[in-house]
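Enquirer: I'll drop the sequence and a predicted model, then ask my questions.
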Amino acid sequence: MTASPSPDKTTIAPDVLVTIVRLSALGVPGVSRMAGVMGGVNRLFRRGVQDGVRIEVEDNVVVIDLHLILKQDVNIREVSRNVQEQVARAVHETVGMDVDAVDVHVENIDFDDGEAGPV
C-alpha cells in the first residue's frame, strides 16, 4: 500500500489580510484614516483591532468590518461603496479568498485642521 502524496498547502498569516484590507481602504479617495475599533474583540484573531479592521474567516470566506474616518465634503455613500469594491477586489485578487461582506462604519469626519469633529 502506497501513501498518496498530500496536496500542497498555502497558509496566509492573519496580519497579511489586515494589511491588504487596510491599504486598500486607505487608497480610496475620501478616506482620511482608519479609526480604532472600540469594544469587542476580533473573533478570528486579536490583530487589526487598532487598525480599524475586524476580519472573520470561515471556510475560506472572509467577512470584513472597517471603521473609517473620512475627509470632509465627500459623499459618504459613494466613498463607502468604493471602499467595499476596492477591498473585496484586493482580497480576492491577492489571496484568492471569496469575500462575503465588507461592512463600512464611518466613525467620524476629518476637518481642514486635521482634527476629527464631534461624534
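Expert: Thanks, I have it. Numbers count the residues shown, from 1 in each chain.
Enquirer: for this structure, longest strand please?
Expert: strand 98-110 (DSSP state E).
Enquirer: list the helices and strands that strand packs on?
Expert: Strand 98-110 sits against strand 31-34, strand 61-71, helix 76-95, with contacts defined as 3 or more CB pairs under 8 Å, 6 or more residues apart in numbering; DSSP states H and E. Where C-beta positions appear, they are placed from N, C-alpha and C, glycine not excepted.
Enquirer: Return the distance of the most centrally placed residue in the chain relative to residue 76.
Expert: Nearest to the mean C-alpha position of the chain, by CA atoms, centre = their mean, lies residue 21 at 3.7 Å. According to CB to CB, to the nearest Å, residue 21 and residue 76 sit 19 Å apart.
Enquirer: For this protein, which element, helix or strand, carries the lowest mean pLDDT?
Expert: Within the chain, no helix or strand scores below strand 53-58, which has a mean of 91 by mean pLDDT, DSSP states H and E.
Enquirer: Let me see the backbone angles for the nearest residue to residue 34 once chain neighbours are set aside.
Expert: Of all residues not flanking residue 34 in the chain, residue 52 sits nearest, at 3.0 Å (CB to CB, 6 or more residues apart in numbering). The phi/psi pair for residue 52 (degrees, to the nearest 10) reads phi 80, psi 20.
Enquirer: what's residue 52 in contact with, if anything?
Expert: Going by CB atoms under 8 Å, 6 or more residues apart in numbering, residue 52 touches 22, 25, 33-37, 66-68, 107.
Enquirer: which of these lies closest to residue 14?
Expert: Closest to residue 14 out of the contacts of residue 52 is residue 22 (12.4 Å), distances taken as CB to CB.
Enquirer: How much space separates that closest one from residue 91?
Expert: Here residue 22 is placed at a distance of 11 Å from residue 91 (CB to CB).
Enquirer: More neighbours: those two, which one.
Expert: Taking other CB atoms under 10 Å, residue 22 and residue 91 do not tie; residue 91 has more neighbours (21 against 17).
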